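3D, please:
(chains A, B, C and D)
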2 protein chains.
Amino acid sequence: MAKQNTVFKDAFNRCLTLIAAAEALPSELELGTSLGVSRTTVRAILARLKELEIISWDKRTKAMLRAPQPADFFPTEETSSLAEIIERNFMRRILAGGAEPGMQINELELARDIGTGTTSVREFLIRFSRFGLIEKRPNSHWVLKGFTRDFALELTEIREMFELRSAAGFAALPGDHPAWRDLDEMEALHRDMLANIDTRYRDFSELDERFHLLVHRSSSNRFIIDFYDIITIVFHYHYQWNKANDRERNARAVEEHLEYIAALKTRDPVAVEHACRQHLRSARETLLQSIQQPET
Amino acid sequence: MAKQNTVFKDAFNRCLTLIAAAEALPSELELGTSLGVSRTTVRAILARLKELEIISWDKRTKAMLRAPQPADFFPTEETSSLAEIIERNFMRRILAGGAEPGMQINELELARDIGTGTTSVREFLIRFSRFGLIEKRPNSHWVLKGFTRDFALELTEIREMFELRSAAGFAALPGDHPAWRDLDEMEALHRDMLANIDTRYRDFSELDERFHLLVHRSSSNRFIIDFYDIITIVFHYHYQWNKANDRERNARAVEEHLEYIAALKTRDPVAVEHACRQHLRSARETLLQSIQQPET
DNA sequence: GTTTGTTATTTTATCTACAATAGACAGTTT
DNA sequence: AAACTGTCTATTGTAGATAAAATAACAAAC
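Next up is the predicted model:
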């Protein structure tokens, strides 16, 4: 197999939920842009919808025949791209499993375990290397540097520099900048979550990511925004892995975000810095607490 | 061809210059470590040396038969790794050639032009993408973001944050830290160069890189050190490409480095920050001047 | 003028194969 | 017995091939 048709399968599934609501089907081109795929793929999707007799399709007359059933969807395992599969697999190994720093990483072995070719694994490792957790020895293996205390400290040091700068930049944005509206929206989402924190606290990870990204984007510096990818992936997997006290931790974090947002709105640099530092301090604590070994 | 034997050829050449001086040949293992290659490669080198009748080789008795001739060396074109070739080629295209931002990059075309397989080009692009000059559209092409004024400003913004922090960290190192000796050595190199600036100014690029790396290393933060790769590659190719007034520019920079070094030695945070800012300001000016188009 | 049918072409994502290189182990020499 | 060498195996680096997906072109249909 040269290429899995995961793009098709994933778009097909999304298309099913999309059309379940709407009655009339839009044009091919329109469907393509709303699903984020090309016309070739859209036509493949339409062909399959017709085959399953979910829609009738003759030229530009497309009509719903029946509502999509759960059985119509492709299984979710088949909709993730290879890169996602490899990432999940790899992160599970190095975060959950006992992966000691210094361990060697073998491309072929990794590929076999995941059930994929070496090329994809290789490309993943190259992309992943920018996160500073692995390192390549040319003509030889990769070395796992490990999710150590040092790593967390170095990561948060940069994060704090960047976030303080971004926050100051945000507070200095002109009053008619669209970011202020986004911030209002963000505040509403936080208040919503806080009101129903007992049932919603698991969704905090995603909200957290969106909030900080909003702040960082105001820096309009590609290096700051790109660096946030590292934070995102680390915290994303970290949340999945370390669930101790997450209800309280997240509730506290939502409150801190609200204070941070309020400070931004005052546009007072001193207040912003104070709220930002406060939140960053507890984020660091949370991260450090989850790392067992007291590394040098 | 599955793999070029550039490691062998390069190591062979270095071995020729190495043994030209020494009389006796060391053991295979020793030779391997001093050339930075494995025993397999060392044995291939020895076999060729014997074939060319430069040495006699029987088990552990190895003796020089004649001095190496220029003709014995492999041509330098054959000693660069594929990654280096691709990098040079690509940088020439995007820096020297008129590469407009927004241009599409085609893996296959690039590979054909360079005379290599697509895999290597692809891997290069993935590695290179962390420099923020190109961006990938999944399932589609790469987009050149271009070496624009914006890029230079974003790059120098981060550089200045990191360097100020590193410089402050350096000044705070304990007095017996080995970095102080390295700094003395670095100072001597600068004085040497300044004394013969008319003939030596072309070597400044390399000295510059070494000096700043020394400062950054004191941060012992992998993200700061890694980021310096971007600075290095940009300035490296930038020097090759923009030679206007380089004699004066470099002379001035050497002087600034000496002031910077002197400030570090005082260990006075205020003096350090002042000298550091001074140097960073002129480095930024130099970079910006070389970018023609006044981008938004 | 927008949408579709049709068809062809281009380009990426991924697999497989193979030479170069690294590394391990056992045997040999001093 | 320590250092070195002969031999073998494992792994990486790279090329080439192939299916999925994107892109393009254009006439026909609405």
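
buried residues in stretch A:42-62?
Along stretch A:42-62, these residues count as buried under the neighbour rule (16 or more other Cβ atoms under 10 Å in any protein chain shown): A:V42, A:A44, A:I45, A:L46, A:R48, A:L49, A:I54, A:I55, A:W57, A:K62. C-beta coordinates here come from the backbone N, C-alpha and C atoms, glycine included.

so where do the helices sit in the stretch 1-150 of chain A?
Counting by DSSP state H, counting those that start in this stretch, the stretch 1-150 of chain A forms helices over residues A:6-21, A:28-35, A:39-51, A:82-91, A:107-114, A:118-128, A:149-171, given from the N-terminal end onward.

Is there proximity between the fourth one and DNA strand C?
Yes. Between helix A:82-91 and DNA strand C, judged by Cβ under 7 Å from any atom of the strand, the touching residues are A:L82, A:A83.

near DNA strand D, which residues of the stretch 51-200 of chain A?
Within reach of DNA strand D by Cβ under 7 Å from any atom of the strand, the stretch 51-200 of chain A has these residues: A:59-60, A:105-109, A:118-119, A:122, A:136, A:138-142.

Let me see the contact set for A:V215.
Residues counted as contacts of A:V215 (Cβ atoms under 8 Å, 6 or more residues apart in numbering or on different chains) are A:E163, A:S166, A:A167, A:F170, A:L264.

and it, that's in a helix?
Yes. When classified by DSSP: H, G, I helix; E, B strand; the rest coil, A:V215 is found to be part of a helix.

could the helices of the stretch 1-150 of chain A go into a markdown table alongside distance to chain B?
What follows is these, written out as a markdown table (distance: least, Cβ to the nearest Cβ, whole Å):
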| stretch | distance to chain B |
| --- | --- |
| helix A:6-21 | 6 |
| helix A:28-35 | 13 |
| helix A:39-51 | 9 |
| helix A:82-91 | 9 |
| helix A:107-114 | 12 |
| helix A:118-128 | 5 |
| helix A:149-171 | 5 |
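
And the pLDDT at the residue in the stretch 101-250 of chain A positioned nearest to DNA strand D?
Each residue of the stretch 101-250 of chain A has a distance to DNA strand D, by Cβ to the nearest atom of the strand, and the smallest belongs to A:E107, at 3.5 Å. You'll see A:E107 listed with a pLDDT of 96.

you'd agree it is up against A:F124?
No. Taking contacts as Cβ atoms under 8 Å, A:E107 lies outside contact range of A:F124: 9.7 Å.

of these two, who's got more company?
It is A:F124, of A:E107 and A:F124, that has more neighbours when counted by other Cβ atoms under 10 Å in any protein chain shown, with 24 against 15.

Now do the closest residue to the more buried one other than its chain neighbours against A:I230, distance only.
Once its chain neighbours are removed from consideration, A:F124 has its nearest residue in A:I86; the separation is 4.6 Å (Cβ to Cβ, 6 or more residues apart in numbering or on different chains). Taking Cβ to Cβ, to the nearest Å as the criterion, A:I86 is separated from A:I230 by 18 Å.

Looking at these two now, which is surrounded by more residues?
Summary of the neighbour comparison: A:I86 and A:I230, criterion other Cβ under 10 Å, with A:I86 having more neighbours (22 against 17).

A:R122 is in contact with the more buried one, correct?
No. Using Cβ under 8 Å as the test, A:I86 is too far from A:R122 to be in contact (10.1 Å).

ok, the residue nearest to A:F124 - contacts?
Contacts here follow Cβ under 8 Å, 6+ apart; on that basis A:I86 touches A:I114, A:T116, A:S120, A:V121, A:F124.

what residues go with each domain of chain A?
Per the record's domain assignment (automatic domain parsing), chain A is made up of the domains A:6-77, A:81-144, A:149-289.

Including distance to B:I94, could these go into CSV?
Rendered in CSV, the data for these read as follows (distance: least, Cβ to Cβ, whole Å):
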stretch, distance to B:I94
domain A:6-77, 27
domain A:81-144, 20
domain A:149-289, 16
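
Skipping its backbone neighbours, what lies nearest the residue of chain A found nearest DNA strand C in space?
Proximity to DNA strand C, evaluated over chain A using Cβ to the nearest atom of the strand, is greatest for A:G117 at 2.6 Å. On the basis of Cβ to Cβ, 6+ apart, the spatially nearest residue to A:G117 that is not a chain neighbour turns out to be A:A111, at 6.0 Å.

Just say helix, strand or coil for the closest residue to A:R252 other than its chain neighbours.
Nearest non-adjacent residue to A:R252, counting by Cβ to Cβ, 6+ apart: A:S282, 6.8 Å away. For A:S282, the secondary structure call by three-state DSSP comes out as helix.

Let me see the confidence value for A:S282.
A:S282 is assigned a pLDDT of 94 by the prediction.

what's near enough to touch it?
Under the criterion of Cβ under 8 Å, 6+ apart, the contact list for A:S282 reads A:R252, A:A253, A:E256.

Quick one: name the residues of chain A near DNA strand C.
Taking Cβ under 7 Å from any atom of the strand as the measure of proximity, chain A contacts DNA strand C at A:1-4, A:6, A:27-30, A:39-40, A:43, A:57-60, A:62, A:81-83, A:116-120, A:137, A:139-141.

swap the cut-off to 6 Å and go again
Chain A has residues A:1-4, A:27-29, A:59-60, A:81-83, A:116-120, A:139-140 near DNA strand C, with proximity defined as Cβ under 6 Å from any atom of the strand.

Just want the angle from the helix or strand where A:A263 lies to helix A:149-171.
A:A263 is part of helix A:246-266 when elements are defined by DSSP states H and E. Here helix A:246-266 runs at an angle of 30 degrees relative to helix A:149-171 (axes from the mean of the first three to the mean of the last three Cα atoms, to 10 degrees).

Now helix A:246-266: buried residues?
Applying a neighbour-count criterion of 16+ other Cβ under 10 Å, one finds A:246, A:249-251, A:253-254, A:256-258, A:260-261, A:263-264 buried in helix A:246-266.

Can you give me the buried ones in stretch A:96-108?
Residues of stretch A:96-108 classed as buried: A:A99, A:P101, A:M103, A:I105 (neighbour count, 16+ other Cβ under 10 Å).

which regions of the stretch 51-200 of chain A sit below the pLDDT cut-off?
In the predicted model, the stretch 51-200 of chain A carries pLDDT under 70 at residues A:97-98.

OK, contacts around the residue nearest to A:V234 when sequence neighbours are not counted?
Leaving aside its chain neighbours, A:V234 sits nearest to A:L155 (6.6 Å; criterion: Cβ to Cβ, 6+ apart). Taking Cβ under 8 Å, 6+ apart as the criterion, A:L155 is in contact with A:G132, A:I230, A:I231, A:V234, A:L287, B:F223.

looking at it, the third one is touching A:D208, isn't it?
No. Between A:I231 and A:D208 there is no contact, the gap being 9.8 Å when judged by Cβ under 8 Å.

near chain B at all, stretch A:130-138?
Yes. With Cβ under 8 Å from any Cβ of the partner chain as the criterion, chain B is reached by stretch A:130-138 at A:R130, A:G132.
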